[in-house]
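Visitor: coords please:
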Amino acid sequence: MKFFTVAHRMIKKLKKQNLHSRKRLSERKHYILNCISDGHFDDAMIMINAERCFNYKDATKTTVLMHVCQAKADEDDIIRFVTFLLAEGAYIQLQDVFGKTAFDYAQENGLRNVEKLL
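Guide: As a prediction, the model looks like this:
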């Protein structure tokens, strides 16, 4: 009987730890997206390297690459970040819930040199 009680406690503890680690991961991914929207690409690169989440999608299935192509920042900074993401293996063909790809967002944002990369 004691074995089952100890095992049950261990399972509950592991589930709780897993929930907290998922929550922390989610917070870090949101931090990455906030860095991108604020134009802090260097911070986002550091976090992406640490988390290995360059194909992360938010609730609207928008990837990091799509967010970068929507960013209102200097095109040279965007090109550097897009090059980094592509070197890391970011998928360029993914679509969000609106059916748009990173290429579509680059086109809308007038990022001609980014379009050439994609």
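Visitor: residue 97: what's it in contact with?
Guide: Shown in contact with residue 97 (Cβ atoms under 8 Å, 6 or more residues apart in numbering): 60, 61. All C-beta spots, glycine's among them, are computed from the backbone N, C-alpha and C.
Visitor: actually residue 67, not the one I wrote
Guide: Going by Cβ under 8 Å, 6+ apart, the list of residues near residue 67 reads 33, 36, 37, 58.
Visitor: repeat that for residue 61.
Guide: Residue 61 sits next to 94, 95, 96, 97 when contact means Cβ under 8 Å, 6+ apart.
Visitor: which secondary element of this structure has the worst mean pLDDT?
Guide: None of the helices or strands of the chain scores lower by mean pLDDT, DSSP states H and E than helix 2-38, at a mean of 62.
Visitor: right, and the helix or strand after that helix?
Guide: Sequence-wise, the next helix or strand downstream of helix 2-38 (DSSP states H and E) is helix 41-51.
Visitor: quick one: that following helix to chain centroid distance?
Guide: Between the centre of helix 41-51 and the centre of its chain there are 10 Å (Cα atoms, centre = their mean, to the nearest Å).
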